[in-house]
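Enquirer: no sequence for this one, just the structure:
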DNA sequence: CAGAATCCAGAGGGATACTG
DNA sequence: CAGTATCCCTCTGGATTCTG
């Protein structure tokens, strides 16, 4: 199962953090990682319910990608009915400070962005 | 000029860093901000040449968005031929530590992601 | 030079239905 | 439950052309 993972900007030279951004901040990955980080090991439906508006198809795609990148660990329990659990890997956990940093920036500067937008729109 | 800025995940409750991610890590914004941060004030063509593969149309769109969010400052010099310069704003500069953090994570863990991918693909 | 306007293709994502 | 399989459709981004 091949997946498209090419960087947004072809020459990574132009932007050293390009690859990381593709891995960590591509569509839906942040809510998924955050949910897994905040609420621990979860089943498919739990994630589906927690991350509103995501469809099972897309959730599966993103989880597969995160698993492939080693950020998430999938555990399949062969029972009836089947049970699958997802959790953050050690590698995924290493993102925690980064996310905290992001949350901090958000708390400090998000209102400034909002103000900038209003200034721009009224002008 | 209205622009679509809704978050990727509707309830920001599910992911507190959703809004920031949309602002800072949406398509092309990282290479643009990085280029502006690394090489200082630049003209349109300079950015266009530095960020390979981006078309003028898309570059314009993204620059407008960044300007609206207050991360980038656009200066228009009414000359012939016209000259326009872009630079990082104070608010944009506040992202520097975050980007450094990202680059650090990249240096430390990117190879682990690569190994995880190879393991996944061979299995 | 710094875009704006127009047209277009393709890929990703949504909705729905189905299965082991 | 945990997905897979289709179909469909939007929406981004590319190519091209034009202008103050």
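Expert: Ah, there it is. Being a predicted model, the structure only gives us computed values, none of them experimental. Numbers count the residues shown, from 1 in each chain, chains lettered A, B, ... in the order given.
Enquirer: Tell me the confidence at the residue most central in space within chain A?
Expert: The centre of chain A sits closest to residue A:29, judged by Cα atoms, centre = their mean, with a distance of 2.0 Å. On the pLDDT scale, residue A:29 is placed at 93.
Enquirer: what about it, distance to DNA strand D?
Expert: Residue A:29 sits 16 Å away from DNA strand D, going by Cβ to the nearest atom of the strand, to the nearest Å. For every residue, glycine as well, the C-beta is placed using N, CA and C.
Enquirer: next one: residue A:30
Expert: Taking Cβ to the nearest atom of the strand, one finds residue A:30 at 17 Å from DNA strand D.
Enquirer: Can you tell me the closest non-neighbouring residue to that residue?
Expert: Excluding its sequence neighbours, the residue lying closest to residue A:30 (Cβ to Cβ, 6 or more residues apart in numbering or on different chains) is residue B:21, at 5.2 Å.
Enquirer: Report the secondary structure element holding the one you found.
Expert: helix B:18-24 (DSSP states H and E).
Enquirer: Is there proximity between that helix and DNA strand D?
Expert: No - applying Cβ under 7 Å from any atom of the strand, one finds helix B:18-24 separated from DNA strand D by no less than 11.8 Å.
Enquirer: Could you list every helix and strand that that helix packs against?
Expert: Counting contacts by 3 or more Cβ pairs under 8 Å, 6 or more residues apart in numbering or on different chains; DSSP states H and E, helix B:18-24 packs against helix A:29-39, helix A:96-122, helix B:29-39.
Enquirer: rerun at 10 Å
Expert: When contacts are defined as 3 or more Cβ pairs under 10 Å, 6 or more residues apart in numbering or on different chains; DSSP states H and E, helix B:18-24 sits against helix A:18-24, helix A:29-39, helix A:96-122, helix B:29-39, helix B:56-68, helix B:96-122.
Enquirer: what angle do the fifth one and helix A:96-122 make?
Expert: Regarding helix B:56-68 and helix A:96-122, their directions subtend 90 degrees when assessed with axes from the mean of the first three to the mean of the last three Cα atoms, to 10 degrees.
Enquirer: buried ones in helix B:56-68?
Expert: Judged by neighbour count (16 or more other Cβ atoms under 10 Å in any protein chain shown), helix B:56-68 contains these buried residues: B:59, B:62, B:63, B:65, B:66, B:67, B:68.
Enquirer: Take those and write them to TSV, including pLDDT and distance to residue A:111.
Expert: Output for those, formatted as TSV (pLDDT from 0 to 100; distance: Cβ to Cβ, whole Å):
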residue	pLDDT	distance to residue A:111
B:59	96	28
B:62	96	23
B:63	97	23
B:65	96	18
B:66	97	18
B:67	97	18
B:68	96	15
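Enquirer: Just give me the closest of these to DNA strand C.
Expert: residue B:63 (6.7 Å; Cβ to the nearest atom of the strand).
Enquirer: So is the lowest-mean-pLDDT helix or strand in chain A next to DNA strand C?
Expert: When the helices and strands of chain A are scored by mean pLDDT, DSSP states H and E, helix A:18-24 comes last with a mean of 92. No - Helix A:18-24 is not in contact with DNA strand C by Cβ under 7 Å from any atom of the strand; minimum separation 11.8 Å.
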